[in-house]
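*Asks:* Fold the following, please.
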Amino acid sequence: MSIPVVAQKEQPARGFSLKAEDPAFWKLFDRDAKLSIMGDGFGFTEGPVWEPAGTLLVSDETKNAIYRLYPDGHRDELIQLGDPDGNTFDREHRLIVTASVLRAIIRLSPDMKSYTVLADRYKGQRLNSPNDVTLGPEGAIYFTDPTLDLVKGEKQEIPFQGVYRLDAKGDLTLLTDEIHQPNGLAFSPDGKFLYVDDTAQKNIHRYRLHNGVLSDGMVFADENVPGARGVPDGMKTDTRGNLYVTGPGGVWVWSAAGKHLGTILLPHQPANLTWGGPKNSVLYLTAGSFVYTLPTKTKGHLSYPARAVRP
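*Replies:* Sure, this is the predicted structure:
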């Protein structure tokens, strides 16, 4: 099913349109681009990961499962898992998942029917509720640990909400605890910068990354629209260095210099997104019970290789 772009003034409260704030926005999207529904009937979709075979892995936080979604809209349940959220592949193309109920970072088996806990404690204290995850340029796992999905009735043991790095040896390092509720995160295509958004403050932070250490932290952009629905959550970059972040109304597109280029306004509030398609030029957007696709004129940056890299 396709939903054509129409003029912004003709849109209902939550219709689809492309709203440019800068002419450079049209270098990324065709004015007549069409939004399509890849899948629906989910509970609450999150953590999309595209597979080269043309399928999409999707977390469903309501149905407590991870699914494989096919282009024709049908899906297979892969594993039941309490409140799965963000997903990424590691260099060996194994699925890494943030599991909020387990309060852990886990790795699924090749058949995706079982898992191994990679980290669930920092200095002996249980993590809060790991939320989003990405692969670093050197192969380490980076993830956020807010209290947004802390299991009801369970105690917060770590007295802050952190951003962490988990290396191949299993060593867990705190990178920063200065963000109120760290959520989505993504690397610049050259690997020099890490972006992390703050759902509580509704802004985006940028850090310089060097040898697994963050420095030069700054507020890169702000998506605070008083009274509007939607907050910064999932994010990705393209190969040009532009940043795509969920926010009020849809997905906000920022240049590498921090300029708001435009917004993808969606019928349902998105939580996350990823790149896919033969040239990584299609955006896959998880939004409530729906998964949408949107073609672009750019090429997405994914932090993990398309195929397994064997050691």
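
*Asks:* From the centroid of this protein, which residue is nearest?
*Replies:* Centroid-nearest residue in the chain, with Cα atoms, centre = their mean: residue 234, separated by 3.3 Å.

*Asks:* need the longest strand for this structure.
*Replies:* strand 213-222 (DSSP state E).

*Asks:* Give the partner strands of it in its sheet and their orientations.
*Replies:* Applying DSSP bridges, strand 213-222 is found paired with strand 203-210 (antiparallel).

*Asks:* Buried residues, the strand it pairs with. List them.
*Replies:* Residues of strand 203-210 classed as buried: 203, 204, 205, 206, 207, 209 (neighbour count, 16 or more other Cβ atoms under 10 Å). All C-beta spots, glycine's among them, are computed from the backbone N, C-alpha and C.

*Asks:* now do stretch 179-188
*Replies:* Along stretch 179-188, these residues count as buried under the neighbour rule (16+ other Cβ under 10 Å): 179, 181, 182, 183, 184, 185, 186, 187, 188.

*Asks:* Next SSE downstream of the worst-scoring helix or strand of the chain on mean pLDDT?
*Replies:* For the chain, the helix or strand with the lowest mean confidence is strand 2-3, at a mean of 41 (criterion: mean pLDDT, DSSP states H and E). As assigned by DSSP states H and E, the chain's next helix or strand after strand 2-3 is strand 17-20.

*Asks:* Adjacent strands (with direction) for that next one?
*Replies:* Strand 17-20 has its sheet partners listed here by DSSP bridges as strand 260-265 (antiparallel).

*Asks:* what's downstream of the partner strand, the next helix or strand?
*Replies:* Sequence order places strand 272-276 as the next helix or strand after strand 260-265, per DSSP H and E.

*Asks:* can you list contacts of that following strand?
*Replies:* 45-50, 56, 86, 132, 184, 233-236, 238, 244, 246, 251, 281-286, 299-302 (Cβ atoms under 8 Å, 6 or more residues apart in numbering).

*Asks:* Against residue 45, how distant is residue 15?
*Replies:* Per Cβ to Cβ, to the nearest Å, residue 15 is found 20 Å from residue 45.

*Asks:* I meant residue 147, not that one.
*Replies:* From residue 147 over to residue 45 the distance is 22 Å, taken as Cβ to Cβ.

*Asks:* ditto for residue 16
*Replies:* To residue 45, residue 16 is 17 Å away according to Cβ to Cβ.

*Asks:* more neighbours, those two?
*Replies:* residue 45 (29 against 22; other Cβ atoms under 10 Å).

*Asks:* I'd assumed residue 287 was in contact with that one.
*Replies:* Yes: counting by Cβ atoms under 8 Å, residue 45 touches residue 287, with 6.9 Å between them.

*Asks:* Could you grab the helix/strand/coil label for residue 25?
*Replies:* When classified by DSSP: H, G, I helix; E, B strand; the rest coil, residue 25 comes out as helix.

*Asks:* Tell me the confidence at it?
*Replies:* With respect to pLDDT, residue 25 scores 98.

*Asks:* Skipping its backbone neighbours, what lies nearest it in space?
*Replies:* Spatial nearest neighbour of residue 25, excluding adjacent residues (Cβ to Cβ, 6 or more residues apart in numbering): residue 262 at 3.5 Å.

*Asks:* residues in contact with the one you found?
*Replies:* Residue 262 makes contacts with 18, 19, 20, 21, 22, 25, 28, 29, 252, 253, as judged by Cβ under 8 Å, 6+ apart.

*Asks:* isn't the first one right next to residue 34, touching?
*Replies:* No: at 10.6 Å, residue 18 and residue 34 do not qualify as touching, with contact defined as Cβ under 8 Å.
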